[in-house]
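Chemist: structure for this input, please:
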Amino acid sequence: MGNHADPRSFTRLDGSPVRAVVVDDERNLTELLAMALGNEGWRVETAANGQEALNTIREFSPDVVVLDVMMPGTDGLEVLRRLRAAGNDVPVLFLTAKDSVDDRIDAITAGGDDYVTKPFHLREVVARVRGMARRYIGATSDDGPLVVGDLTLDERTYEVQRAGVPVRLTAKEFELLRYLMQNQRQVLTRAQILENVWSYDFGGKSGVVEIYISYLRKKIDSLGPALIHTVRSVGYTIRQAEA
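Modeler: I've put the predicted structure just below:
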């Protein structure tokens with residue numbers, strides 16, 4: 001399995017291999033994914049259950065986690081809730097046999113960043129995980145930071161600040177904020193946001209957008225005058241606060 005992408009896509013900023021943890025109670029599946037990611041030059045650890053996953057993630061400090069939802073004992077959703085509660089913002093790709101829209105919403109609102117249903121194409125999973133890791137480790141644009149008023153977002157260092165105060169965001173919150181800031185003052189519809197931030201359709205259920213907008217407002221607009229605005233019946237925009 002070869003690739004011809006920018007080599008920075010497959011290393012950390014210090015040049016060391018990207019790290020991934022693959023969690024599934026089906027051993028043949030974890031071995032298959034570990035082999036595929038290993039072919040990308042990554043360091044990969046595997047876990048067969050939720051508690052093992054939490055221990056491995058804590059010790060290994062991965063750049064991305066591939067996490068099965070349905071596991072005996074501590075399931076994938078609970079693993080993710082514990083990670084987020086502990087302040088761990090590592091991107092998580094869920095693997096599951098469930099494919100209903102409600103199940104997707106549950107996975108994403110729990111703090112997951114993407115979702116693939118079984119059976120899946122190995123190349124698709126690798127491509128999605130590669131993209132998530134690349135964004136998380138900061139190997140993105142060489143342009144300067146995005147700025148809206150006193151809010152800055154640096155794609156290279158994955159840092160967000162408002163009036164000099166650091167703002168801690170999950171990977172998906174960061175992507176949503178970046179998309180808003182790249183299109184500041186433009187009104188973006190929920191469909192546009194779903195397509196550009198989540199990359200697939202939720203069957204017309206755009207509730208996930210409202211949920212993540214509310215997350216951003218709690219973290220950003222709580223630090224000063226409101227920057228994120230709702231345009232009724234249309235969508236959302238971000239613009240500099242008026243004096």
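Chemist: C-alpha from now on. contacts and neighbour counts both.
Modeler: Will do.
Chemist: quick one: end-to-end length of stretch 198-209, please.
Modeler: 10 Å (Cα to Cα, to the nearest Å).
Chemist: please apply the same query to stretch 213-226.
Modeler: In stretch 213-226, first residue to last residue: 12 Å (Cα to Cα).
Chemist: now do stretch 179-190
Modeler: End-to-end for stretch 179-190, by Cα to Cα: 12 Å.
Chemist: equivalent analysis for stretch 32-44, please.
Modeler: 11 Å.
Chemist: ok, now stretch 221-233?
Modeler: 21 Å.
Chemist: and the residue lying closest to D68 once chain neighbours are set aside, what are its bridge partners?
Modeler: Nearest residue to D68 in three dimensions, chain neighbours excluded: L95, at 4.6 Å (Cα to Cα, 6 or more residues apart in numbering). Taking DSSP bridges as the rule, L95 bridges to D68, V116.
Chemist: SS state for G112?
Modeler: Three-state assignment for G112 (DSSP: H, G, I helix; E, B strand; the rest coil): coil.
Chemist: what is the neighbour count of the residue nearest to it when sequence neighbours are not counted?
Modeler: Nearest non-adjacent residue to G112, counting by Cα to Cα, 6+ apart: V92, 5.2 Å away. When neighbours are counted by other Cα atoms under 10 Å, V92 registers 27.
Chemist: in contact with the nearest residue to V126 once chain neighbours are set aside, which residues?
Modeler: Sequence neighbours aside, L37 is the residue nearest to V126 in space, at 6.7 Å (criterion: Cα to Cα, 6+ apart). Listed by Cα atoms under 8 Å, 6 or more residues apart in numbering, the contact partners of L37 are A20, R43, V44, V126.
Chemist: helix/strand/coil for L37?
Modeler: Classification of L37 using three-state DSSP returns helix.
Chemist: surely L194 and V209 touch.
Modeler: Yes - under the criterion of Cα atoms under 8 Å, L194 makes contact with V209 at 7.1 Å.
Chemist: so L32 sits in a helix?
Modeler: Yes - assessed by three-state DSSP, L32 belongs to a helix.
Chemist: next secondary structure element downstream of the longest helix along the chain?
Modeler: Longest helix in the chain, counting residues (DSSP state H): helix 122-137. Beyond helix 122-137 on the C-terminal side, the first helix or strand identified by DSSP states H and E is strand 146-148.
Chemist: which residues touch that following strand?
Modeler: By Cα under 8 Å, 6+ apart, the residues outside strand 146-148 that reach it are T152, L153, D154, E155, R178, M181, Q182, Q184, I238, R239, Q240.
Chemist: and the residue lying closest to D150 once chain neighbours are set aside, how close does it get to G207?
Modeler: In space, and not counting its chain neighbours, D150 is closest to A163: 5.1 Å by Cα to Cα, 6+ apart. Noted for A163: a distance of 30 Å to G207, by Cα to Cα.
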